[in-house]
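A.B. asks: Using only what follows, build the 3D model:
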Amino acid sequence: PPIMPRYLHWFRNDLRLNDNPSLYAASLAAEGQLVTCHVSTPKQWLAHDEAPCKLDLMERQLERLQKELAGRGIPLVLLAGSHFVS
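C.D. replies: Residues are numbered from 1 along each chain as shown. Prediction:
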């Protein structure tokens, strides 16, 4: 059988499922072979003095997003790194 390509959508700051133009475009192109991910970078957040309440909100949004995507058959892979390297 032919190998179906997979498409990746990277959630960065926009953690919306509804009205998310890039997620919508990826889902159209993927034809059911879509994987999504989010990369957490705690050291980067500390360097930018992110508020604990903001990080808590992000964590809760990611949990909700993961459940909603799973309900649509789309996995959300949560990755962790220390910080981004430019």
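A.B. asks: Hmm, residue 11 is touching residue 36, no?
C.D. replies: Yes. Between residue 11 and residue 36 there is a contact under Cβ atoms under 8 Å: 6.1 Å. Heads up, the C-betas are built off the backbone N, CA and C, glycines and all.
A.B. asks: just for this protein, where's the confidence low?
C.D. replies: For the chain, the stretches with pLDDT under 70 are 32, 83-86.
A.B. asks: what's the single longest helix in it?
C.D. replies: For the chain, the longest helix by residue count, based on DSSP state H, is helix 52-71.
A.B. asks: Residues in contact with it: which ones?
C.D. replies: For helix 52-71, the surrounding residues in contact (Cβ atoms under 8 Å, 6 or more residues apart in numbering) are 11, 15, 17, 36, 38, 45, 75, 76, 78.
A.B. asks: can I assume the fourth one sits in a strand?
C.D. replies: Going back to what we said before, that points to residue 36. Yes. Under DSSP: H, G, I helix; E, B strand; the rest coil, residue 36 falls within a strand.
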